[in-house]
Structures are given as C-alpha cells and as structure tokens.
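Chemist: Turn this into a model:
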Amino acid sequence: MVKISELRQKPKNEIQKILQDDREKLRQLRFDLAQGRVKNVREIRHLKKEIAQILTILKIYAKT
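Modeler: All right, here's what the predicted structure looks like:
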C-alpha cells in the first residue's frame with residue numbers, strides 16, 4: 001500500500017498507472033474470493049480505500 005504523501009509527489013501519469021494496477025488487483029481478488037482462494041479478505045478493503053484516495057488526488061490534479 002502506497003502512502004498518500006508519496007502519491008502526492010508522483011507525476012499524474014504514474015498515479016494513473018498505480019490506479020490501473022490497483023483496479024486490476026481488486027478485480028482479481030474478487031474472482032479469487034468467489035472461488036474461495038482468498039485468505040486475507042481485508043486486502044480487498046485496503047485496495048478499495050487506496051483506489052478512493054488515488055481518485056481524490058487525481059481530482060485535485062484536475063482542478064489545478
């Protein structure tokens with residue numbers, strides 16, 4: 001999980017790449033959860049929170 005202070009220092013295109021990767025991880029975790037292969041269910045919650053934080057940072061970039 002990437003810290004918010006680290007994310008704010010990265011360029012916009014790198015943040016978008018991280019967002020894309022996180023969304024793919026979340027999608028894969030959901031499939032694994034449905035098949036019963038997930039041991040750490042909290043990881044889904046952490047990924048969703050990180051995605052929300054990234055989207056907030058991107059929204060701030062859009063305003064400037």
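Chemist: For the longest helix anywhere in the chain, buried residues please.
Modeler: In the chain, with assignment by DSSP state H, the single longest helix is helix 12-35. Neighbour-count burial for helix 12-35, with 16 or more other C-beta atoms under 10 Å as criterion, is recorded at 15, 19, 22, 26, 29. No exception for glycine: its C-beta is placed from N, CA and C like everyone else's.
Chemist: Equivalent analysis for stretch 33-45, please.
Modeler: Of all the residues in stretch 33-45, those buried under the rule 16+ other C-beta under 10 Å are 38, 43-44.
Chemist: ok, residue 13 to residue 44 distance?
Modeler: As judged by C-beta to C-beta, to the nearest Å, residue 13 and residue 44 stand 26 Å apart.
Chemist: Ignore what I typed, I meant residue 19.
Modeler: Distance, residue 19 to residue 44, using C-beta to C-beta: 16 Å.
Chemist: Show me what the lowest-mean-pLDDT helix or strand in the chain is in contact with.
Modeler: Using mean pLDDT, DSSP states H and E, the weakest-scoring helix or strand in the chain turns out to be helix 4-9, at a mean of 90. The contact list for helix 4-9 (C-beta atoms under 8 Å, 6 or more residues apart in numbering) reads 15, 18, 53-54, 57.
Chemist: Quick check, central residue of the protein?
Modeler: By C-alpha atoms, centre = their mean, the chain has its centre lying nearest to residue 51, at 3.3 Å.
Chemist: re earlier: same list, the buried residues of stretch 33-45, but as JSON lines with distance to residue 8 please.
Modeler: Formatted as JSON lines, those follow (distance: C-beta to C-beta, whole Å):
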{"residue": "38", "distance to residue 8": "30"}
{"residue": "43", "distance to residue 8": "23"}
{"residue": "44", "distance to residue 8": "24"}
